[in-house]
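A.B. asks: Kindly return the folded structure for what I paste below:
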Amino acid sequence: MPISKDDVSYGYRYLLGRLPENNDVIEIYRQAFEDVELFRQHLMESPEYKFKNPVAVTKSFLAHTPPSDIEIIMDDPTLKQVVSKTASYWSEIGTQAPHWSVLSLDKYAPDLLEQNLAEFYESGVGDLYLVRDLLRRMNRSPNDFNTILEFGCGVGRATAALATAFKHVIALDISAPHIELAKKHVASSGANNVEFIQVTSENVMPGRGFDLWYSRLVLQHNPPPVTLSVLEKAFSGLPPHGVAIVHVRTHQDGYSFKVADYLKGGSKLDMEMHSTPQNSILELADRTGCRLFELHEEPGHIDNVTSIFVFVKK
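C.D. replies: This is a model prediction of the structure:
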């Protein structure tokens, strides 16, 4: 059952100090969240909340943090079932509010999008800068790579920017409506070096022939076993000296994941937020022949730790 209009209004009033812009914004949040706590976390992660609450303590991964109760193994039939559910949500939101689903700020909701569309797509250059700067720290550059694979391209926000610096881009997404919008945007940018592939429950990480793998603001929406399945294919697909840049939530206060409990939730569709333990990602990387080059904690998160891993294939 979606959260109520009052839940949205009270969340805005007490966390952001204002009312929602209009009823359309309220309705988008109602349909996107079925849990008040998840909606609260979403508002606390917003740039507006962080700007208005500069003294809020940024979450950091501490040695005394107790381990989370998280199952990381899921059999193939169950994994396919879960991925199909994920695909249903993103296809639905990809029709209703595709740009908002990528960057969940009110100004990117459908009724406000037109005047903010240019700003939305211009923000994609930040992803290019992040990739470029992380490569620079290992004395490498975009010119050293033949193909970058972007996992979770959405509507092409970062894809077009990446296409300006890399020879070839493989852009993956689970939502057909998102991919169609991404194709249009990339075409309008003049890029002709992007290949789009849809993720399916049969193949959660379809691209091949890449030597740089990148994902940001995507893996957090998948249960840990799905994220690890994606990463296993990503790490295994890298050639020697290939690089993987992985942006993923690795700790959330109070988060746990049990396959049986998750399946009891049925087929309800919402924007899920998950955490995949750092040690599980590191163990997977080691098992697939990747070494950790660097690990950064993304600043600004209040009640979770979001990590940026940089791996190099041995």
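
A.B. asks: what about the helix or strand of the chain with the lowest mean pLDDT, distance to the chain center?
C.D. replies: Lowest by mean pLDDT, DSSP states H and E among the helices and strands of the chain is helix 47-52, with a mean of 80. Per CA atoms, centre = their mean, to the nearest Å, the displacement of helix 47-52 from the mean C-alpha position of its chain is 20 Å.

A.B. asks: For the helix or strand just after it, list every residue counted as buried.
C.D. replies: Helices and strands here follow DSSP states H and E; after helix 47-52, the next one along the chain is helix 76-96. Neighbour-count burial for helix 76-96, counted by 16 or more other CB atoms under 10 Å, picks out 78-79, 82-83, 85-87, 89-91, 93-94, 96. Yep, even glycine has a C-beta here, placed from its N, CA and C like the rest.

A.B. asks: ok, and what's touching helix 76-96?
C.D. replies: Outside helix 76-96, the residues within contact range by CB atoms under 8 Å, 6 or more residues apart in numbering are 28, 31-32, 74, 100-101, 110, 173-178, 181, 199-202, 204, 221-223, 225-226, 229, 259, 262-263, 267, 269-272.

A.B. asks: among these, which ones are buried?
C.D. replies: Members of those classed as buried by 16+ other CB under 10 Å are 28, 31-32, 74, 100-101, 173-175, 177-178, 181, 199, 201, 204, 221-223, 225-226, 229, 259, 262, 269-272.

A.B. asks: Looks to me like Ile302 is in a strand.
C.D. replies: No: per DSSP: H, G, I helix; E, B strand; the rest coil, Ile302 lies outside any strand segment and is coil.

A.B. asks: Correct me if wrong: it contacts His42.
C.D. replies: No: in this structure, Ile302 is not within contact of His42 by CB atoms under 8 Å, at 11.1 Å.

A.B. asks: Which one's more surrounded, these two?
C.D. replies: Comparing Ile302 with His42 by other CB atoms under 10 Å, the one with more neighbours is His42, at 18 against 15.

A.B. asks: tell me the secondary structure for that one?
C.D. replies: Secondary structure assignment for His42 (three-state DSSP): helix.

A.B. asks: Please name the nearest non-neighbouring residue to it.
C.D. replies: Take His42 and drop its neighbours on the chain: the residue closest to it by CB to CB, 6 or more residues apart in numbering is Ser104, 6.5 Å away.

A.B. asks: How many residues are close by the one you found?
C.D. replies: The number of residues packed near Ser104 is 19, by other CB under 10 Å.

A.B. asks: Retrieve the pLDDT associated with it.
C.D. replies: Note on Ser104: pLDDT of 90.

A.B. asks: can you check Ser267 too?
C.D. replies: Turning to Ser267, the model gives it a pLDDT of 65.

A.B. asks: Same check on Tyr262?
C.D. replies: What the model reports as pLDDT for Tyr262 is 91.

A.B. asks: Just to check, it is in contact with Asn222?
C.D. replies: No: using CB under 8 Å, Tyr262 is not in contact with Asn222, being 11.5 Å away.

A.B. asks: can you give me the strands for the stretch 201-314 of the chain?
C.D. replies: Ranges of strands within the stretch 201-314 of the chain are 212-215, 243-252, 290-297, 304-313, based on DSSP state E, counting those that start in this stretch.

A.B. asks: and of these, who's closest to Gly17?
C.D. replies: Taking CB to CB, strand 304-313 is the member of the strands of the stretch 201-314 of the chain nearest to Gly17, at 22.5 Å.

A.B. asks: if I look at Met271, how far off is Gly209?
C.D. replies: 32 Å (CB to CB, to the nearest Å).

A.B. asks: cool, Lys167 as well?
C.D. replies: 12 Å.

A.B. asks: between the two, what contacts are shared?
C.D. replies: Taking CB under 8 Å, 6+ apart as the criterion, Lys167 and Gly209 both touch 146-147.

A.B. asks: on that earlier part again, pick the most buried one from the strands of the stretch 201-314 of the chain.
C.D. replies: For the strands of the stretch 201-314 of the chain, the largest average neighbour count (mean count of other CB atoms under 10 Å) is found in strand 212-215, namely a mean of 25.

A.B. asks: packing partners for that strand?
C.D. replies: When contacts are defined as 3 or more CB pairs under 8 Å, 6 or more residues apart in numbering; DSSP states H and E, strand 212-215 sits against helix 125-136, strand 147-151, helix 224-237, strand 243-252.
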